[in-house]
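> From the sequence below, what's the structure:
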Amino acid sequence: MTPSRGAPSRPSVAVVIPSFNHARFLGAALDSVVAQTRPADEIVVVDDGSTDDPASVVAGYPQVQLVTQENAGLSAARNAGLAAIRADYVLFLDADDVLCPTAIARNLALFAANPDAGFVYGAHNRVDADLRLLLGPRYYPIGEDPFATLLRGNMVGMHATALYSTAKLRAAGGFDPALKSCEDYDVFLTLAKRHPVASHDEVIALYRIHGQNMSSSPARMLKWVLTAHARHRPPEGSYLAYWKTGRREWKCLYADAAIDGAWGGEGGSLRAIVQILPRAPHRVLHRAGSVCKRALARLVARRTG
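Take a look at the predicted model:
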């Protein structure tokens, strides 16, 4: 039976997986895409100059297209994947993360209800290297004014929970290779200026924390998030207050991570604290004062108890 004349066409979806020396995780990422309740129409792996042979993993998935390039960074790898697809919508999954089975279906349903959106997103869980739950669900709603909400922080939290309109992402210029981290946050802000954004609270992706994540260095992340955030400083007006709040919140978030070691990696070490001090001195000194006060209180309690 042929479709009736004028019947709406089925929207197509691509999943792009950049991989740089994460071949050991790539099979699980691909398995999670293949297992979608609403299958992807295109699956593209971009080998960003890896030395661990992701091609041997991709060889086991005949439906997957492999794009190779010299190492150029995550933004360039995502842009290469974006250039290789023809689908209406695109999801970017890092090679060390996985999707839940309803990720594509749930985000497509949200796009159907919000057809003018630049992107939509859902919730995620943080898991360890063996996919055991660490923290979740993590979800922050986009609110009535997406640009204002995103100026205060990256409410998406995990890039794989976002599904983009391919045309709108391309019109925005894709991902900027000059940003070595937080390029997704830059894109979220750019699209939120131009288009609606929608969100839902269903967990649709697992963010794997394994000690070698790009986000494991608080000082590095703070540098790049402030760089991306600075690009979107509004002129004098109501949005400027949201932007200033965001600057303070970002400094507090990563200074606390450097002191507490909340995300593994370098956090919690003296080196991490020293590295982040120049970018968030007020927060670091405030926290240091609080830590010293608590330590002194415990010492006094032991001596007088």
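> Please enumerate the strands of the stretch 1-150 of the chain.
13-19, 42-48, 64-69, 89-92, 98-99, 119-127, 133-138 (DSSP state E, counting those that start in this stretch).
> any chance of those strands in a markdown table, plus distance to residue 246?
No exception for glycine: its C-beta is placed from N, CA and C like everyone else's. Output for the strands of the stretch 1-150 of the chain, formatted as a markdown table (distance: least, C-beta to C-beta, whole Å):
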| stretch | distance to residue 246 |
| --- | --- |
| strand 13-19 | 27 |
| strand 42-48 | 30 |
| strand 64-69 | 33 |
| strand 89-92 | 23 |
| strand 98-99 | 29 |
| strand 119-127 | 18 |
| strand 133-138 | 18 |
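> worst average pLDDT in those strands?
Comparing mean pLDDT across the strands of the stretch 1-150 of the chain, the weakest is strand 133-138, with a mean of 93.
> Residues in contact with that one: which ones?
Residues from elsewhere that reach strand 133-138 (C-beta atoms under 8 Å, 6 or more residues apart in numbering): 123, 124, 125, 126, 127, 128, 157, 158, 201, 203, 207, 209.
> count of neighbours near the closest residue in space to residue 29 that isn't next to it in sequence?
Distances taken as C-beta to C-beta, 6 or more residues apart in numbering place residue 95 nearest to residue 29, at 5.3 Å, with adjacent residues excluded. Burial of residue 95 is recorded as 28 neighbouring residues (other C-beta atoms under 10 Å).
> still on that earlier bit, can you tell me which of the contacts of strand 133-138 are buried?
123, 124, 125, 126, 127, 157, 158, 203, 207, 209 (16 or more other C-beta atoms under 10 Å).
> just checking, the last one touches residue 127?
Looking back up the chat, that one is residue 209. Yes. When contacts are counted by C-beta atoms under 8 Å, residue 209 is listed as touching residue 127 (7.0 Å).
> shaky segments in the stretch 101-250 of the chain?
Within the stretch 101-250 of the chain, the ranges that satisfy pLDDT under 70 run 211-216.
> circling back: let me know the closest of the buried ones among the contacts of strand 133-138 to residue 105.
Nearest to residue 105 among those is residue 203, at 13.5 Å by C-beta to C-beta.
> Could you look up the SS state of the closest one?
Classification of residue 203 by DSSP: H, G, I helix; E, B strand; the rest coil places it in strand.
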